[in-house]
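*Asks:* fold the following for me, if possible:
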Amino acid sequence: MAPDPTFTTRPTLTGTFGMVSSTHWLASQSGMRMLEMGGNAADGAVAAGLVLQVVEPHLNGPGGDLPLIVASAEDPTPRVLCGQGPAPAGATPEHFAAHGLDRVPGSGPLATAVPGAMEAWLVLLRDRGTMTFAEVAAPALDYARHGHPVLERVSSTIASVAQLFEQDWTTSADQWLINGAPPRPGSLVTNAAWADTLERLIAEEPRDVSREQGIDAVRRAWSQGFVAEALEAFQRRAFRHSGGQVLPGVLTAQDLAEFTASWEDAATLERDGWTIAKTGPWGQGPTLLQTLQLVDATQDELDLDSADGVHTLAEAWKLALADREAWYGDSAHVPLDDLLDARYAASRADLIGACASHEVRPGSPGGREPRLAALAVEGPGEDTAYGDPTSGEPTVQRDGVTRGDTCHVDVVDRWGMLVSATPSGGWLQSSPFVPEVGFALGSRLQMMWLEQGLPSSLVPGRRPRTTLSPTLVLRDGVPVLACGTPGGDQQDQWQSIFLLRHLDAGLPLQAAIDAPMFHTTSFPGSFHPRATEPGVLVAESRLGTDVLAELRRRGHEVVEQGPWTLGRMCAVARDPETGVLSGAANPRGMQGYAVGR
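*Replies:* Residues are numbered from 1 along each chain as shown. Below you'll find the model as predicted:
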């Protein structure tokens, strides 16, 4: 049944001053506070991002990762800021093999990439912001020091790993358990160690130098000072990993000192006057561009309220994500121009048939022969730990329950700057809590293969092929829309539904977010244990009984979920002709919110 654009779970907000949409209401309001204080979209995004680290510690943290995209009316060329840290120098295939590992664990110290999130927030603030670190960090510091009402999902996540915390990750137990139990939902939770770290970082920002020099001083304290030293010392301690091995990590202070968040050109697709900007193929972002090309090559108009439309989009996604597995990564050349060539898309679109494919079918861009990792072809086997709550995909499960996840924030200001940012990693369940600095390290290395010669092979100094995927859209060369969602492998799938409904079908932001969602898992997953579920299509029940029945008839293994379970979309927009701003956020999960005026 087609969504009714006249009824939405919330209004599409409109105004002229500023809009912030994020996955937690406290982060959205903290970002809006920076706009009210005279800051711009970059200032607001950084403040919101720092608050997300405090109030959604099961979804992201200072030790995690961050890609973002920014553009403005003054400088409309979309630019990507890569805060995805690489593999540490000591993270060699030989090191893992020496410990009997045939894949990177899904959690624990050895799964740690170089932390990139804080470095990227600071570089964004320095290069595109107007405020000091002390100003944008004030809300996060207040919540860390004095407490915030803890989400039910944080409490349940802590409960799922409480035994591990008590038995092995004892530093995490000291921070997150209260008399051996997780905090009660709604009770005030603090993180004194992170508050202390923020205060020390603020103290490193001198008042007698330029704003930019002050922020660089904070960066040095992070990557070359007390934070880096504490992380190296902690990595020397052995802790349990997802497979049961008790081992130390390999991250060093030198790894942090050598990493700098980098500004890069965006990968883009021109489509009917719209320019859709994504990260490079070190992340999965360009698969969204490939999918839209595949859809455009199959028919003129896609009706996502019909079985035909859902089938076509799901089959397009299987082809794009098969290409992701064969061709995307940072450890080998990626033929992105060939992957985004319209003729290549047309040839791939011919593979979309009337029935659901249960195969993983990468293509041959430029005539190259595709290669998949052996473990991706063989599957995870029976000995992998599906039941380990620290391991596997930190996102929604088949049944819609969120084990962990990612965060997202979008900001637009009155001057026409838009920021789309997707912070993640460093979840409280990814690695033991480092009490000296107040956060956990990430587990992004699980996305790299120990098998060599692949674009996503584990190579020291190279970035894991992240699923984090912000989006920025321009109309006739002018930035007009920032959007994104948590969701691991599903991020760009859900965004494609939103974009097709908003850009093509003309639904307002909130109606496009509220509309029924679906995704496929018929491709090798990015997270431990890297499983493929042939032919599986996960769908919200609101797609309708007739549509779901027809999809089953076409061979899809439909996993029907509740009516409001899939997707965590955020979006903000600006009409360049009128200057009117708009914002919307996802009702699913009951924590995302947009604010603005």
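*Asks:* could you report the pLDDT at the residue nearest the centre of the chain?
*Replies:* The centroid of the chain falls nearest to Leu468 when counting by Cα atoms, centre = their mean (3.2 Å). Looking at Leu468, its pLDDT stands at 97.
*Asks:* and it, what element?
*Replies:* Using DSSP states H and E, Leu468 maps to neither a helix nor a strand.
*Asks:* what's around the residue found closest to it once you drop the neighbours it is linked to in the chain, how many residues?
*Replies:* The spatial neighbour of Leu468 that comes closest, neighbours along the chain excluded (Cβ to Cβ, 6 or more residues apart in numbering), is Thr422 at 4.4 Å. Bear in mind the C-beta positions are built from the backbone N, C-alpha and C, glycine included. Residues contacting Thr422 under the criterion other Cβ atoms under 10 Å number 33.
*Asks:* go on, Leu35?
*Replies:* Count around Leu35 with other Cβ under 10 Å applied: 24.
*Asks:* for Val209, same thing?
*Replies:* The burial count for Val209: 12, using other Cβ under 10 Å.
*Asks:* same question, Glu94
*Replies:* Applying other Cβ under 10 Å, we find 7 other residues in the vicinity of Glu94.
*Asks:* quick one: it is in a strand?
*Replies:* No: according to DSSP: H, G, I helix; E, B strand; the rest coil, Glu94 belongs to no strand; its state is helix.
*Asks:* which residues sit in contact with Asn40?
*Replies:* 128-130, 413, 415, 417 (Cβ atoms under 8 Å, 6 or more residues apart in numbering).
*Asks:* and if you look at Pro362?
*Replies:* 322-323, 325-327, 370, 372.
*Asks:* can you check the pLDDT for it?
*Replies:* Looking at Pro362, the pLDDT reads 98.
*Asks:* in three-state terms, label it for me.
*Replies:* Classified using three-state DSSP, Pro362 is coil.
*Asks:* can you check Met131 too?
*Replies:* Going by three-state DSSP: Met131 is coil.
*Asks:* what's the closest non-adjacent residue to it?
*Replies:* Asp43 (4.5 Å).
*Asks:* which element is that neighbour on?
*Replies:* helix 41-55.
*Asks:* any idea how far that helix is from the chain center?
*Replies:* 15 Å (Cα atoms, centre = their mean, to the nearest Å).
*Asks:* after it, which helix or strand is next? Please name it.
*Replies:* strand 66-71.
*Asks:* mind giving me the packing neighbours of that following strand?
*Replies:* helix 41-55, strand 79-83, helix 117-128, strand 274-278, strand 418-421, strand 471-475 (3 or more Cβ pairs under 8 Å, 6 or more residues apart in numbering; DSSP states H and E).
*Asks:* so which of these comes closest to Phe165?
*Replies:* Shortest distance between Phe165 and the helices and strands packed on strand 66-71, using Cβ to Cβ, is found for helix 41-55: 19.2 Å.
*Asks:* just send the helices and strands packed on strand 66-71 back as TSV, with mean neighbour count too.
*Replies:* Compiled in TSV, those are given as follows (neighbours: other Cβ atoms under 10 Å):
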stretch	mean neighbour count
helix 41-55	31
strand 79-83	25
helix 117-128	25
strand 274-278	23
strand 418-421	32
strand 471-475	24
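*Asks:* on that earlier part again, drop anything exposed from the contacts of Asn40.
*Replies:* 128-129, 413, 417 (16 or more other Cβ atoms under 10 Å).
*Asks:* and Gly38, how many neighbours?
*Replies:* 9.
*Asks:* distance of it relative to Phe17?
*Replies:* 11 Å (Cβ to Cβ, to the nearest Å).
*Asks:* can you check Ser107 too?
*Replies:* For Ser107, the distance to Phe17 - Cβ to Cβ - is 42 Å.
*Asks:* His408 contacts Ser22, correct?
*Replies:* Yes: counting by Cβ atoms under 8 Å, Ser22 is a contact partner of His408 at 6.5 Å.
*Asks:* surely Glu264 is in a strand?
*Replies:* Yes: counting by three-state DSSP, Glu264 is located in a strand.
*Asks:* residues in contact with the nearest residue to it once chain neighbours are set aside?
*Replies:* Spatial nearest neighbour of Glu264, chain neighbours left out: Val80 (4.6 Å); criterion: Cβ to Cβ, 6+ apart. Val80 makes contact with 67-69, 263-266, 277, 279-280 under the criterion Cβ under 8 Å, 6+ apart.
*Asks:* and for Ala134?
*Replies:* So Ala134 contacts 202, 205 (Cβ under 8 Å, 6+ apart).
*Asks:* measure it to Ala48 for me?
*Replies:* Taken as Cβ to Cβ, the span from Ala134 to Ala48 is 16 Å.
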